[in-house]
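1. all I have is the shape, not the residue letters:
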DNA sequence: ACATTAGCCGGAGACACTCTCCGAATCGTG
DNA sequence: CACGATTCGGAGAGTGTCTCCGGCTAATGT
């Protein structure tokens, strides 16, 4: 998935520094959220700021590189869901929950993801598009089997999964309320037994 | 609701400046979102930065003051809902939609609101608590009448209303998807006619 | 009217973060 | 080993937050 489109291979020190920056960045973002200082990451990696910005021109580019490392992991999760779910409705539910977890990998991650949707200039945009396509497949199957409303749209479901993840980031959100907010996305607050 | 708790009245220039800052701030936040530069607001108001920070020690304090100006308006909306809704379920739905609109007053407003929940230190915390209490009343009535799930919690519904507002702030979100995301909160994506 | 003083104002400046630029250092190759 | 292409480092410009305190103003007493 590396977009080497014809130029020669990068120098060994460049490759090494790039990887090291990714490692330190992951650690920093895990600790201070995605808004942590980029210069601090460079310094922590023992490199100059210029080096960081050459490899990753923006915070979004760095995040995109960090997230692409998990692409394989998500692919596995996807197959696992397909072979585990008892019906297409469950499959969609499990997929959306996986998305909620994914967007919760770092504190504040939902924000740049949301911002990237629609702005095709962002390196995160293609990441989002991939997941939206994935969501659409689960959704279509659920709709065809009568488990999901026909007026639901994949983009909106993806956005709402990000929104739930965003809400779970609140200080007050314990694991119980996290679960029930995810459940809210599936079934809403209205009572089904109402006439 | 002004917390003058015993000290003497503020000087006239202070009162005037405070109001002027609020006006300019409202304008700035409407134009550039809640992350707009505070120093720019002070400069635009023809005042020094120190003056702004003395009246409003933090961005949250400024936002809280701005929002408190709308308290009355929301109170009206609340009574209007109570007298318009055909049942307690509709009333809760209308109230949540009003919250979604309210949190969409400025670009990026849901973020500081979410951050303020639980951190009782923030000037926005009491604002949120008020709305959570209001939500709880609508919710309790809806639950007693059988229109809302008994396991729903007011704090979570409020947070999810903020989350929907947050999602609506996405570049891609047109008014149609805004409506359907709000509807998602009420009914979820699952199909009600499923066995 | 004038003095007094508590309260208020202004904006320079310390500090933090983002991002650029280009001379210096390094890698890979013949 | 020498040379050219590539990469690095970190100073510094630009922007924003927030504080501090000398100087000014509004309110009050005489």
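-> That came through, no problem. Note that the coordinates shown come from a computational prediction; the quantities given were computed from them, not determined experimentally.

2. could you use CA atoms for every contact and neighbour count after this?
-> Noted.

3. domain parsing for chain A?
-> Annotated domains of chain A cover A:5-57, A:71-189 [automatic domain parsing].

4. can you report how many residues lie near residue A:12?
-> A count of nearby residues for residue A:12, using other CA atoms under 10 Å in any protein chain shown, gives 9.

5. what's the distance between it and residue A:45?
-> With distances taken as CA to CA, to the nearest Å, residue A:12 is found 17 Å from residue A:45.

6. show me where chain A has strands.
-> Per DSSP state E, chain A carries no strands over any range.

7. so where's it uncertain?
-> The model of chain A has pLDDT under 70 over residues A:1-6, A:194-195.

8. how many residues are close by residue A:152?
-> Residue A:152 has 21 neighbouring residues, counting by other CA under 10 Å.

9. repeat that for residue A:35.
-> 14.

10. do I have it right that it meets residue A:25?
-> No - using CA atoms under 8 Å, residue A:35 is not in contact with residue A:25, being 11.1 Å away.

11. can you tell me how far the most centrally placed residue in chain A is from DNA strand D?
-> Nearest residue to the geometric centre of chain A (CA atoms, centre = their mean): residue A:103, 4.0 Å. Distance, residue A:103 to DNA strand D, using CA to the nearest atom of the strand, to the nearest Å: 27 Å.

12. quick check: residues of chain A near chain B?
-> Selection of chain A residues close to chain B by CA under 8 Å from any CA of the partner chain yields A:89, A:114-115, A:117-119, A:146-149, A:152, A:156, A:159-160, A:162-164, A:166-167, A:170-172, A:177, A:180-181, A:184-194.

13. tally up the residues packed near the residue in chain A that DNA strand D sits nearest to, please.
-> Per CA to the nearest atom of the strand, the residue of chain A with the smallest distance to DNA strand D is residue A:50, at 2.8 Å. Residues near residue A:50, counting by other CA under 10 Å, number 12.

14. and the one 4 residues further on, by the same measure?
-> For residue A:54, the number of neighbouring residues by other CA under 10 Å comes to 10.

15. same question for residue A:120.
-> 12.

16. same check on residue A:126?
-> By other CA under 10 Å, 17 other residues sit near residue A:126.

17. quick check: residue A:89 vs residue A:139, distance?
-> In terms of CA to CA, residue A:89 sits 8 Å off from residue A:139.

18. I meant residue A:187, not that one.
-> Residue A:187 is 15 Å from residue A:139, where distance means CA to CA.

19. with residue A:18 instead?
-> 37 Å.

20. more neighbours: which of those two?
-> Neighbour comparison, residue A:18 and residue A:139: the larger count goes to residue A:139, with 28 against 16 (by other CA under 10 Å).

21. residue numbers of chain A in contact with DNA strand C?
-> Residues of chain A found near DNA strand C, taking CA under 7 Å from any atom of the strand as the criterion, are A:11-13, A:35-40, A:49-50, A:53, A:57-59.

22. ok, of those, which come out buried?
-> Buried by 16 or more other CA atoms under 10 Å in any protein chain shown: A:38, A:40, A:53, A:59, out of these.

23. mind putting these in CSV, distance to residue B:128 included?
-> Listed next are those as CSV, based on distance: CA to CA, whole Å:
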residue, distance to residue B:128
A:38, 33
A:40, 34
A:53, 39
A:59, 31
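
24. re the thing from before, can you tell me which of the domains of chain A is most buried?
-> domain A:71-189 (a mean of 19; mean count of other CA atoms under 10 Å in any protein chain shown).

25. between the two ends of that one, how far is it?
-> End-to-end distance for domain A:71-189: 33 Å, by CA to CA.

26. kindly report the same for stretch A:143-155.
-> Taking CA to CA, stretch A:143-155 runs 15 Å from one end to the other.

27. over to stretch A:147-154?
-> So stretch A:147-154: terminal residues 15 Å apart, CA to CA.

28. distance from it to the middle of the chain?
-> On the basis of CA atoms, centre = their mean, to the nearest Å, stretch A:147-154 sits 21 Å off its chain's mean C-alpha point.

29. and what of stretch A:125-144?
-> 13 Å.

30. tell me which residues are up against that stretch.
-> The contact list for stretch A:125-144 (CA atoms under 8 Å, 6 or more residues apart in numbering or on different chains) reads A:64, A:68, A:88-89, A:91-92, A:95-96, A:113, A:116-120, A:148-150, A:153-155, A:157-158.

31. go through those and flag which are in helices.
-> If you go by DSSP state H, those have A:64, A:68, A:88-89, A:91-92, A:95-96, A:113, A:116, A:154-155, A:157-158 in helices.

32. restrict those residues to those near DNA strand D?
-> Applying CA under 7 Å from any atom of the strand to those, none is adjacent to DNA strand D.

33. TSV for the residues you listed, including distance to residue B:79?
-> Shown next, in TSV, are the ones in helices among the contacts of stretch A:125-144 (distance: CA to CA, whole Å):
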residue	distance to residue B:79
A:64	47
A:68	50
A:88	43
A:89	40
A:91	42
A:92	39
A:95	41
A:96	37
A:113	38
A:116	39
A:154	36
A:155	35
A:157	33
A:158	35
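
34. just name the closest of those residues to residue B:74, please.
-> Using CA to CA, residue A:157 is the member of the ones in helices among the contacts of stretch A:125-144 that lies nearest residue B:74, at 29.6 Å.

35. quick check: the closest one vs residue A:147, distance?
-> On the measure of CA to CA, residue A:157 and residue A:147 end up 15 Å apart.

36. again with residue A:96
-> Applying CA to CA, the value for residue A:96 to residue A:147 is 14 Å.

37. got it, and residue A:137?
-> According to CA to CA, residue A:137 stands 14 Å off from residue A:147.
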